[in-house]
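K.L.:
Any chance you could fold what I've pasted below:
(one chain, ligands or ions: 1)
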Amino acid sequence: MEVKQLNFNRHSIQGTIKVPGDKSISHRAIMFGAISSGKTIVRNFLFGADCLSTISCFRKLGVNIIQEDNEIVIYGEGWSGLKEPASVLDVGNSGTTTRLMLGILAGRPFHSVVIGDDSIAKRPMNRVVLPLRQMGAKINGRENGNYTPIAIQGSPLTSITYELPVASAQVKSCLLLAGLQANGETTIIEPAATRDHTEKMIQHFGGEISIRNNQISVQGNQQLTGTVVDVPGDISSAAFFMVAAAIMGNSEVKLENVGLNPTRTGIIDVLIKMGADISIEMNKDASYEPVGTITVRTSILKGIEISGDLIPRLIDELPIIALLATQAEGTTIIKNAEELKVKETNRIDAVARELSQLGANIVPTEDGMIITGKTTLHGGTVSSLGDHRIGMMLGVASLICKEKVILEDYEAVEVSYPNFFEDLQALLK
Ligand code: S3P
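P.N.:
Numbers count the residues shown, from 1 in each chain. This is a model prediction of the structure:
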């Protein structure tokens, strides 16, 4: 375990930055390139550990994927280009790789085994395994298939209509990928809108999909065609700089080329509702995903309630939103966010424990947390607990701490933002 002493000793954050490519879109670009026919070029791909796990799994599945300068090129040979892997498919820390890839493997006529790290081994897979079995997939694993290692024998799939018990883009995407290979029409019904990158990508690769309110349907036996994917900057990474600028004095950060898909912009809604000084400019020439520039300045913030349909639109930003709330006057209540318990760590416990360690007033609840501000944070020793977003949140917290912060396990940030600390340092004045 590596330890970092965070003693930035700076008072403001200023400048312009382009954050790395979107993690969700980078994963999907590799997977769609792999199942399509022809060449796919992925620009601004995120070279983070999670997305590299996706590349390594699809290489083991026989797909020719190469890196040319900063681009990834995939030579897809359609669904049948995927072949039985000779060794286990290791997803590392990546839940998105695991769940989406299971949807692809379910319909391929071969056997494979999926493993991951200790965090993956604790994350529930029943949410995809049960509906995939309904479609005809043969899946075994620990605790009746709920946990990795998971063994899967692909087989012909039949379509289903499935109401998602949790608002999860990973589950929706897994079932759409299985549905593209099934016989008949598969329909997924969402309890609340979740990120729709898979839906957009099906269209971008020439497939057909119908979306009516919260019902998404795909016909089976679809063949997709390779294309060019321009990955926008990840709003989930941008969020750390947005919050840093809002809570530090004399600050202004401009974030360029950020993905502004409305299913992901809950963090912007929260900043506006808290009273932050924020402005957005949409790029006019953006391709199939909306992109723009976000500018955030030092802000006077007030506590708010964050709940309901807003939660899936900012689920990954809740750790950094909790830090934001410690600097807002009054109480912030986060509820309906029980999904946080099954992320890379239990993020309700992790956020409450690590931020309390620095002096924040946070009470964990069954489905969220209650944060009372505004609090002065002191220093101390904290840990990412192996979770990239907890590590980056604590890095930002250290900027407003009165004393030095020791961050254990800081290298966890490599999962989604390998140069996070260097980029942060470059903006500090
Ligand atoms: C993701 C969906 C979300 C999110 C994860 C990425 C995706 O997970 O937390 O970081 O790319 O589809 P859930 O679908 O489990 O909510």
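
K.L.:
who touches the nearest residue to residue 214 once chain neighbours are set aside in this structure?
P.N.:
Closest residue in space to residue 214, ignoring its immediate chain neighbours: residue 190 at 4.5 Å, by CB to CB, 6 or more residues apart in numbering. Any C-beta I mention is one placed from the backbone N, CA and C, and that applies to glycine too. For residue 190, the contact set (CB atoms under 8 Å, 6 or more residues apart in numbering) comprises 164, 167, 172, 214-216.

K.L.:
again, but for residue 321
P.N.:
Applying CB under 8 Å, 6+ apart, we find residue 321 in contact with 243, 267, 270, 306, 314, 332, 334.

K.L.:
I'd assumed it was in a strand, is it?
P.N.:
No: when DSSP: H, G, I helix; E, B strand; the rest coil is applied, residue 321 is found to be helix, with no strand at that position.

K.L.:
Please read off the pLDDT at it from the model.
P.N.:
For residue 321, the model assigns a pLDDT of 99.

K.L.:
Repeat that for residue 366.
P.N.:
Looking at residue 366, its pLDDT stands at 98.

K.L.:
Also residue 8?
P.N.:
Looking at residue 8, its pLDDT is 68.

K.L.:
ok, of the contacts of residue 190, which come out buried?
P.N.:
Buried members of those, scored by 16 or more other CB atoms under 10 Å, are 164, 167, 172, 216.

K.L.:
Identify the farthest-apart pair in the contacts of residue 190.
P.N.:
Spatially, the most separated pair among these is 167 and 215, at 14.1 Å (CB to CB).

K.L.:
Pairing partners for residue 68 in the sheet, please.
P.N.:
residue 71 (DSSP bridges).

K.L.:
Can you report how many residues lie near it?
P.N.:
8 (other CB atoms under 10 Å).

K.L.:
quick one: it from residue 33, how far?
P.N.:
13 Å (CB to CB, to the nearest Å).

K.L.:
same check, this time on residue 243
P.N.:
In terms of CB to CB, residue 243 sits 33 Å off from residue 33.

K.L.:
what stretches of the chain score poorly on pLDDT?
P.N.:
Residue ranges of the chain with pLDDT under 70: 8-9.

K.L.:
Give me the domain ranges for it.
P.N.:
Domain assignment of the chain by automatic domain parsing yields the ranges 3-21+232-427, 23-230.

K.L.:
So which of the contacts of residue 190 sit within strands?
P.N.:
By the criterion of DSSP state E, membership of the contacts of residue 190 in strands covers 215-216.

K.L.:
Can you lay out the contacts of residue 190 as TSV showing distance to residue 318?
P.N.:
Converted to TSV, the contacts of residue 190 look like this (distance: CB to CB, whole Å):
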residue	distance to residue 318
164	20
167	14
172	20
214	22
215	27
216	25
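
K.L.:
Make TSV out of the contacts of residue 190 and add distance to the ligand.
P.N.:
As requested, the contacts of residue 190 are exported to TSV (distance: CB to the nearest ligand atom, whole Å):
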residue	distance to the ligand
164	10
167	7
172	7
214	15
215	18
216	14
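
K.L.:
Could you pick out the residues of the protein near the ligand for me?
P.N.:
Contact residues (CB under 6 Å from any ligand atom) of the chain with the ligand: 24, 96, 168-170, 173, 195, 315-316, 339.

K.L.:
So which of these belong to helices?
P.N.:
24, 96, 169-170, 173 (DSSP state H).
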